[in-house]
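Asker: with the input below, show me the fold.
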Amino acid sequence: MTHIWELDTPALLVDLDALDHNARLMAQRCADAGIAWRPHVKVCKAPAMALRLLEAGAVGVTCAKSSEALAMAQGGVADILIANEVVGDRKVSRLVEVAKLATLCVAVDDPANIREISAAADSAGVTIDLLVDIDVNLHRCGVTPEEAPALCALIADLPAVRLRGLMGYEGHVMGLPDEEKERETAASASILNEANELCRADGHEIGVLSGGGSGNYRYALKQGVLNELQAGGAALMDLTYELMGVGGHRRALSVVCQVVSAANPERAAGDAGWKSTGRHTGLPSVINPDGWECVGLSAEHTHFAREGGEPLQIGDRVEMIPHYSDSTVLLHRTLYAHRSGVVEEEWEISGSGALQ
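Answerer: Residues are numbered from 1 along each chain as shown. Purely as a prediction, here's the structure:
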């Protein structure tokens, strides 16, 4: 058995006890609200972890890109939503590859895109489900509620595509203060519900209303509009989600580095720079040993300052919680799943670099 302190560094770790707790918590909260849980796996990009979330009660997974979805399908994930528009011959051809391996659904907001997906799927003899994307005040992608029925009608008229429902992702609310976040989550839900009512009045069957993120999922579950939740990042948890007020979760993701310089007892350098930890939202937090703080990152080095702890020596290990898991996991190729510091499994991050 390998202990996390024996791994080559930098090493990306996931604590199985914390992960399982988080997954069960999210699945149970969704079940209590009568909502299906379809966690986004853009954060973990590892099929083995996605399968673990399915075992905890998820109905499928959500992906960001067609290449990411293909990595999941090749890794054994059988039910996938791509919660983004997928445009162009190469990317749509990749959708067909995914649809041959798994049940697939894709977000759409444009007639030409719907037609190109239909043509490719029909030519390949597969069926691809579609969610009409509604702009719920994020103002990134999606149509207005009034525009949605026409897209539903187009889907109904075309071969090899099937209307599953509507999607509305309220990403703009995630970093808001709690009171404002709850209000804006309700406003987004109201827009999605308006689209639902208009589409139903036009004779379309809307089976799924999908949305929500980790930063607001406790509010999204209370609105009574969504019947599918896409939140997934809180299964790993990190400092960013803590700042967003995500409650009841445990920190599951960490990075271990090795001290490579300790010439001054008041500071030290580790071998995990921003190429290992990510940094676009902030610095990682040292959790082991006590009395040390990460005060800076360069490309290949962690900058540590002593805050009352024992002086570090070269070769010592330091464990840190990343500030934002979404910008950390994709930098690695292996996720070491451990329990109480003993590595039980090594999960390939096969979706790393899957940006197409």
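
Asker: just give me the neighbour total for the closest residue to D79 other than its chain neighbours.
Answerer: Excluding its sequence neighbours, the residue lying closest to D79 (Cβ to Cβ, 6 or more residues apart in numbering) is G60, at 3.1 Å. Backbone N, C-alpha and C define where each C-beta goes, glycine included. For G60, the count of nearby residues is 23 (other Cβ atoms under 10 Å).

Asker: and for R183?
Answerer: For R183, the neighbour count with other Cβ under 10 Å is 14.

Asker: go on, E116?
Answerer: 18.

Asker: surely it meets V92?
Answerer: Yes - counting by Cβ atoms under 8 Å, V92 is a contact partner of E116 at 5.5 Å.

Asker: all strands for the stretch 51-200 of the chain, in order.
Answerer: 61-63, 79-82, 103-108, 128-133, 161-167 (DSSP state E, counting those that start in this stretch).

Asker: and the helices in the stretch 1-150 of the chain, which stretches?
Answerer: 16-32, 47-56, 66-74, 89-99, 111-124, 148-157 (DSSP state H, counting those that start in this stretch).

Asker: next, the angle from the longest one to helix 47-56.
Answerer: Taking axes from the mean of the first three to the mean of the last three Cα atoms, to 10 degrees, one finds helix 16-32 and helix 47-56 inclined to each other by 50 degrees.

Asker: tell me which strands and helices helix 16-32 is in contact with?
Answerer: In terms of contacts (3 or more Cβ pairs under 8 Å, 6 or more residues apart in numbering; DSSP states H and E), helix 16-32 is packed against strand 36-37, helix 47-56, helix 217-220, strand 334-339.

Asker: how about a cut-off of 10 Å?
Answerer: Helix 16-32 sits against strand 36-37, helix 47-56, helix 217-220, strand 228-229, strand 253-261, strand 334-339, strand 342-348, with contacts defined as 3 or more Cβ pairs under 10 Å, 6 or more residues apart in numbering; DSSP states H and E.

Asker: could you check the angle strand 334-339 makes with that helix?
Answerer: Taking the same axes, to 10 degrees, helix 16-32 and strand 334-339 form an angle of 90 degrees between their directions.

Asker: can you give me how far helix 16-32 is from the chain middle?
Answerer: Relative to its chain's centre, helix 16-32 lies at 15 Å (Cα atoms, centre = their mean, to the nearest Å).

Asker: how's the protein carved up into domains?
Answerer: Domain assignment for the chain, taken from automatic domain parsing, gives 4-11+249-348, 16-236.

Asker: could you look over these and pick the most buried one?
Answerer: Ranked by mean neighbour count under mean count of other Cβ atoms under 10 Å, the domains of the chain are led by domain 16-236, which reaches a mean of 20.

Asker: what is the end-to-end distance of that one?
Answerer: One end of domain 16-236 sits 10 Å from the other (Cα to Cα, to the nearest Å).

Asker: average model confidence for that domain?
Answerer: With pLDDT averaged residue by residue, domain 16-236 scores 98.

Asker: one step back: and the helices of the stretch 1-150 of the chain as TSV, adding distance to R251?
Answerer: Listed next are the helices of the stretch 1-150 of the chain as TSV, based on distance: least, Cβ to Cβ, whole Å:
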stretch	distance to R251
helix 16-32	6
helix 47-56	16
helix 66-74	24
helix 89-99	32
helix 111-124	39
helix 148-157	39
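
Asker: fine by me, we can end here.
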